[in-house]
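Student: I would like to see how this sequence folds:
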Amino acid sequence: MANYTRERIEDTLVDKGYKYFTGGKFDVNIVGIRNSSTGDDITNKFDDTITVSYKNENDEWQYHEYKCTTDPGKYWAENIMNKDGVAILKPGQYRGSHQVALHQGKYKALCQRKPLKVYRDDNRDEHYDLDESTVQEGIFGINIHKAGGRVNGSTQIDKWSAGCQVFSKESDFNEFMIIIDKANEIWGNSFTYTLVDSNDIC
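Tutor: Next up is the predicted model:
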């Protein structure tokens with residue numbers, strides 16, 4: 001997994017005209033980084049990164065990186081649920097897009113509550129088609145959740161994502177949710193998610 005820095009994440013968001021939150025303790029920045037090196041290939045691997053940066057109780061900056069996928073798995077790319085095609089989240093900043101809620105009614109995660117933009121890929125080949133003409137905006141259940149409970153993390157996406165942003169390791173996700181719960185207590189149950197491509201990192 002690539003290693004970035006908090007400063008590079010901040011510089012990238014500022015460069016794109018996005019908001020980078022510095023308001024106080026646990027004013028979290030949740031930024032997904034899609035791996036540009038794989039091009040449009042469906043790797044079916046957790047080869048992307050979710051980063052979280054914020055100030056802790058002592059006003060000290062904290063920065064975390066977690067292995068994840070920002071792409072749907074091969075299974076749902078081939079076995080399409082939506083007639084328009086599998087959903088692939090479009091890079092962008094989505095202000096207040098997520099809230100803490102139950103993912104599939106099972107466990108706490110960040111669940112989509114405001115519209116997001118997705119590409120739709122319906123041709124079932126080995127590539128993600130990021131065609132602007134297919135972009136849809138709406139509530140599609142693009143949640144931020146975890147894969148299975150394997151100690152070393154899941155290695156294949158398979159059915160874990162049909163467009164969701166999914167952590168490979170349960171322990172990473174649990175650490176993430178501890179941070180989110182603290183942010184929720186201070187700032188309320190509304191979270192911004194930003195997705196960028198790795199080749200956009202400053």
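
Student: beta partners for the residue nearest the centre of the chain?
Tutor: Nearest to the mean C-alpha position of the chain, by Cα atoms, centre = their mean, lies residue 165 at 3.9 Å. Beta-bridge partners recorded for residue 165 (DSSP bridges): residue 144.

Student: In this protein, what residue spans correspond to strands?
Tutor: Using DSSP state E, the strands of the chain run over residues 29-34, 48-55, 61-69, 86-89, 92-103, 107-112, 116-121, 136-138, 144-146, 165-167, 191-197.

Student: Relative to residue 185, which of these is closest?
Tutor: strand 92-103 (10.5 Å; Cβ to Cβ). Every residue, glycine included, has its C-beta placed from N, CA and C.

Student: I'd like the mean pLDDT over the closest one, please.
Tutor: In this model, strand 92-103 carries a mean pLDDT of 97.

Student: residues in contact with it?
Tutor: Applying Cβ atoms under 8 Å, 6 or more residues apart in numbering, the contact partners of strand 92-103 are 13, 16, 18-19, 108-117, 143-145, 180-181, 184, 189-195.

Student: hang on, the residue nearest to the centre of the chain packs against residue 31?
Tutor: No. Using Cβ atoms under 8 Å, residue 165 makes no contact with residue 31, being 10.7 Å away.

Student: hey, what's in contact with both of the two?
Tutor: What both residue 165 and residue 31 touch, as defined by Cβ under 8 Å, 6+ apart, is the set 50, 193, 195.

Student: closest to residue 42 among the residues you listed?
Tutor: residue 195 (17.6 Å).
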